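Student: Any chance you can model this:
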Amino acid sequence: MTDAPERFLSGQVAVVTGGSSGLGQAAAVAIARRGASVVVNYAGDPSGAHETVRQCEAEGARAVAFQADVADEEAVAAMFTFTVEDFGGVDILVSNAGIQIDATFTEMTRAQWDRVMAVNLTGQFLCMQQAVRQFRRQGMRASRALGKIIATSSVHDVIPWAFHVNYATSKGGLSMLVKSAAQELAPEKIRVNAISPGAIATKINEPVWSDPVQARELMKLIPYGRIGDPMDIGEPIAWMASDYADYMNGATLVIDGGMELYPEFRGNG
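Tutor: Numbers count the residues shown, from 1 in each chain. Down below sits the predicted model:
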């Protein structure tokens with residue numbers, strides 16, 4: 001028998017984008033476990049979103065799914081309006097929605113570039129903007145901060161990634177979005193941070209980690225010798241949203257098993 005988790009987010013409301021699977025699902029469940037109510041955003045996977053809701057409810061939290069394309073400004077505004085009307089406010093935004101559309105540099109189409117930027121960068125901006133407006137309207141609530149934003153980035157906000165130039169560029173831009181927004185908003189007690197996962201066992205990269213040959217090659221890039229589990233990211237996100245992390249602002253928490261340590265240089269160079 002394990003001790004009950006500390007419910008350090010009790011009385012708070014979180015919006016988690018891209019919450020139907022993977023890191024978004026893990027973040028939503030971890031936040032629910034810590035006592036917050038959760039709006040689970042999804043774009044095109046209602047069954048996954050409702051499974052996330054079920055898992056949040058199993059943790060004793062109130063949760064509801066809401067469909068919105070984060071790249072659609074009106075849809076994002078509607079999601080926040082719904083959250084305020086149904087839950088009474090917003091305390092936490094986990095801006096997690098993201099996509100990959102891969103191509104070589106010269107074969108990448110404008111549409112592939114634009115769609116990844118629209119979701120991974122513009123979508124994060126639109127959700128953050130709506131969250132900040134709501135934080136200001138409602139004032140201080142159940143936290144030392146006026147509001148908390150955690151953006152899901154990637155180790156590819158610093159590690160170049162050939163054949164994925166749109167994705168890596170979007171994450172590099174997100175890193176500067178987080179830092180610039182944090183610098184601007186900190187005097188209002190609004191915290192904006194990012195989390196940068198390395199290789200995590202989610203659907204987006206299942207073809208790699210589920211194939212023994214590709215998985216062995218992947219391990220060469222991870223000094224710690226294992227692929228991450230979604231809860232390796234979900235639990236730290238919940239902590240980042242708490243008052244335990246109140247002095248954390250404009251920072252990026254890298255959780256990658258050492259992938260950013262340039263493992264190919266171990267014993268070389």
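Student: residues in contact with Thr252?
Tutor: Ser153, Asp157, Ser175, Val178, Asn193, Ala194, Ile195, Ser196 (C-beta atoms under 8 Å, 6 or more residues apart in numbering). For glycine as for every other residue, the C-beta is placed from the backbone atoms N, C-alpha and C.
Student: ok, and the most crowded of the residues you listed?
Tutor: Ser153 (29 neighbours; other C-beta atoms under 10 Å).
Student: ok, that residue touching Ala194?
Tutor: Yes: Ser153 is within contact range of Ala194, at 4.5 Å (criterion: C-beta atoms under 8 Å).
Student: So for these two, which residues contact both of them?
Tutor: Shared contacts of Ser153 and Ala194, defined by C-beta under 8 Å, 6+ apart, comprise Leu174, Ser175, Val178, Thr252.
Student: Out of the residues you listed, name the ones that lie in helices.
Tutor: Leu174, Ser175, Val178 (DSSP state H).
Student: Including distance to Tyr247 and pLDDT, could these go into a markdown table?
Tutor: Formatted as a markdown table, these follow (distance: C-beta to C-beta, whole Å; pLDDT from 0 to 100):
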| residue | distance to Tyr247 | pLDDT |
| --- | --- | --- |
| Leu174 | 22 | 98 |
| Ser175 | 20 | 98 |
| Val178 | 16 | 98 |
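Student: Quickly name whichever of those residues is closest to Arg34.
Tutor: Top of the list for closeness to Arg34, among those and by C-beta to C-beta, is Val178 at 22.2 Å.
Student: any idea how far Asp69 is from that closest one?
Tutor: 21 Å (C-beta to C-beta, to the nearest Å).
Student: What of Ser21?
Tutor: Distance from Ser21 to Asp69, by C-beta to C-beta: 16 Å.
Student: on that earlier part again, show only the entries of the contacts of Thr252 found in helices.
Tutor: Ser175, Val178.
Student: tell me the two of the contacts of Thr252 that are most distant?
Tutor: So, these by C-beta to C-beta: farthest apart are Asp157 and Asn193, at 12.9 Å.
Student: now, among the contacts of Thr252, which is nearest to Val165?
Tutor: With C-beta to C-beta as the yardstick, the closest approach to Val165 among these comes from Asp157, at 13.4 Å.
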